[in-house]
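Novice: here is my input, please return the structure:
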Amino acid sequence: MQSGIQLKAKKKSSLEKFGVYYLDRFDKKDLTHHVFDIPDEVLEQKIRKISIKGIVLSAITGLVLVWPTVYIDLLKQNEPWYIHYAWTGGVTLVSIVIELYLLFLIALKAVHEVSELINLHAHKKDFLKSGPFSITNILARTALELPDPEMEVLGIDPFERISKKNLLVLGLLYKLKITITNFAAKFLLLKTVGKTIAGVSINYVALPVECFWNGVVLNRVVKEARLRLFGFALSNHIADNVLHDHLIERLSPLAKQGCLCAIGNAVVMAQNFHPNMVILLLRFQHLLHTDNNSAVKYDDWNVFIDILKRVSKEERNLLLDLFTVAVAFDGKISQVEAKNIKDAYGADYELYRPRLLQLTAHMRAGRLNAAAQLCGINLVAG
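Specialist: Predicted structure coming up:
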């Protein structure tokens, strides 16, 4: 396991193991291209094709495997209730198992194709080859929409400010979306056109509803996979440039501490350990040769603000560059981040804020090269 990571739950879920197993089994092409050589327009076009193919396949899967449930429900509706529900329940259970299995494979394949496009093998600096934040584990969780593990990295715990009850409620609400949509559609049709449309039962509205949500989920999976893969590529790109420019040896011990504080506070304000932030944090830990034995609180906002006041102007510029990148790296700006960034930027707020907004938008929209141009880390303001 990577140095500095402390997991709160030791075991990977069975679903994550399932995802890793299939991602390892998919054919891997012997690629030589570098993702930063592909124009953003071409990259966007290729990822859109992967997404459309996945959406079509997941919609067809939903259509085919929801139909037996609706059909048997109508076929047995005049039978005694126990026979009706026994048949409907049995067919539904079998259909759900098959549908989920196929949807998982479709999502995993889509994520795998995006990863081949990004060509992660071109990044020879990948020291995250095992553990919860190896790229394979990250992609498996992305494809199957599994939560990232709760952990502390270098003593940073992003979950200390967020309610676990809220997370549970959000998860349950998401699982109810399909049921609620299906019920609402049936109710609307019942009140407007009756129990049938051209002789077809309104119960069959479940088919397009299922297709719609399967497509929505697949599209979201591909976008999140793109974001995480871009974060992985950019983390290596940033670290390589920092090494090339010999910036680390020009920093004071206090400024080096400030580098990890810049990322650590972005993590806490985002209230999640997005893989992009973890990889960036571990990459800089690796560059700075920092261990987890220090009593330094890398997620203490007041410590970070104090460091910004005490370092040289050039070092402050570098720390604000890194802070800007870290805040934007998950593709969104949280309310806590929006409220606090002015304190960090100080008099340079108007200089850094446009860059932060642009970088966040590029990460979210999948414009890798445009994002890379805004990820420069140096000693110059802005």
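Novice: where do the helices sit along the stretch 1-150 of the chain?
Specialist: 14-25, 40-75, 81-118, 135-143 (DSSP state H, counting those that start in this stretch).
Novice: now the stretch 201-350 of the chain
Specialist: Counting by DSSP H, counting those that start in this stretch, the helices of the stretch 201-350 of the chain are 206-244, 253-270, 275-288, 301-310, 313-328, 335-345, 349-365.
Novice: the third one: which residues count as buried?
Specialist: This points to helix 275-288. Across helix 275-288, burial judged by 16 or more other Cβ atoms under 10 Å covers 275-287. (Each C-beta comes from the backbone N, C-alpha and C, glycine too.)
Novice: run through the neighbouring helices and strands of it.
Specialist: strand 151-153, helix 206-244, helix 253-270, helix 313-328 (3 or more Cβ pairs under 8 Å, 6 or more residues apart in numbering; DSSP states H and E).
Novice: and if you look at the fifth one?
Specialist: Judged by 3+ Cβ pairs under 8 Å, 6+ apart, helix 313-328 is in contact with helix 253-270, helix 275-288, helix 301-310, helix 335-345, helix 349-365.
Novice: tell me the mean pLDDT for it?
Specialist: For helix 313-328, mean pLDDT rounds to 95.
Novice: please point out which parts of that helix sit buried.
Specialist: 314-328.
Novice: dump that helix to CSV, restricted to CA.
Specialist: Included here for helix 313-328 are C-alpha records, laid out as CSV according to Å, rounded to 0.1, in the frame of the first residue of the first chain:
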residue,chain,number,x,y,z
LYS,A,313,6.9,36.0,-2.8
GLU,A,314,8.1,33.5,-5.4
GLU,A,315,7.3,30.5,-3.2
ARG,A,316,3.9,32.0,-2.5
ASN,A,317,3.2,32.1,-6.2
LEU,A,318,4.1,28.5,-6.6
LEU,A,319,1.9,27.5,-3.6
LEU,A,320,-1.0,29.4,-5.1
ASP,A,321,-0.5,27.7,-8.4
LEU,A,322,-0.6,24.3,-6.7
PHE,A,323,-3.6,25.3,-4.6
THR,A,324,-5.5,26.4,-7.8
VAL,A,325,-4.8,23.1,-9.6
ALA,A,326,-5.8,21.1,-6.5
VAL,A,327,-9.1,22.9,-6.1
ALA,A,328,-10.0,22.5,-9.8
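Novice: where does the stretch 1-150 of the chain dip in pLDDT?
Specialist: The model of the stretch 1-150 of the chain has pLDDT under 70 over residues 1-12, 27-32, 120-135, 145-150.
Novice: one more time with 50
Specialist: Scanning the stretch 1-150 of the chain for pLDDT under 50 picks out 1-2, 124, 126-127.
Novice: any figure for the gap between the residue nearest the centre of the chain and H289?
Specialist: Central residue of the chain (Cα atoms, centre = their mean): E224, 4.4 Å from the mean position. Distance, E224 to H289, using Cβ to Cβ, to the nearest Å: 32 Å.
Novice: quick one on the thing from earlier: thought the residue nearest to the centre of the chain was touching T142?
Specialist: Yes. Using Cβ atoms under 8 Å, E224 makes contact with T142 at a distance of 5.2 Å.
Novice: list the contacts for H237?
Specialist: Listed by Cβ atoms under 8 Å, 6 or more residues apart in numbering, the contact partners of H237 are F36, A372, C375.
Novice: kindly indicate which of those residues lies nearest E337.
Specialist: Set against E337, the nearest of those by Cβ to Cβ is C375 (17.4 Å).
Novice: just the mean pLDDT for stretch 231-248, thanks.
Specialist: 90.
Novice: let me redo that: stretch 332-345
Specialist: Stretch 332-345 comes out at a mean pLDDT of 86.
Novice: buried ones in that stretch?
Specialist: Neighbour-count burial for stretch 332-345 flags I333, E337, N340, I341, A344, Y345 (criterion: 16+ other Cβ under 10 Å).
Novice: looking at those, which is nearest R25?
Specialist: Using Cβ to Cβ, I333 is the member of the buried residues of stretch 332-345 that lies nearest R25, at 38.1 Å.
Novice: didn't that closest one look like it was pressed against L356?
Specialist: Yes. In this structure I333 lies within contact range of L356 using Cβ under 8 Å: 7.2 Å.
Novice: how does the protein divide into domains?
Specialist: For the chain, automatic domain parsing gives the domain ranges 34-226, 228-373.
Novice: tell me which residues in stretch 70-79 are buried?
Specialist: Buried residues in stretch 70-79, defined by neighbour count with 16+ other Cβ under 10 Å: V70, I72, D73, K76.
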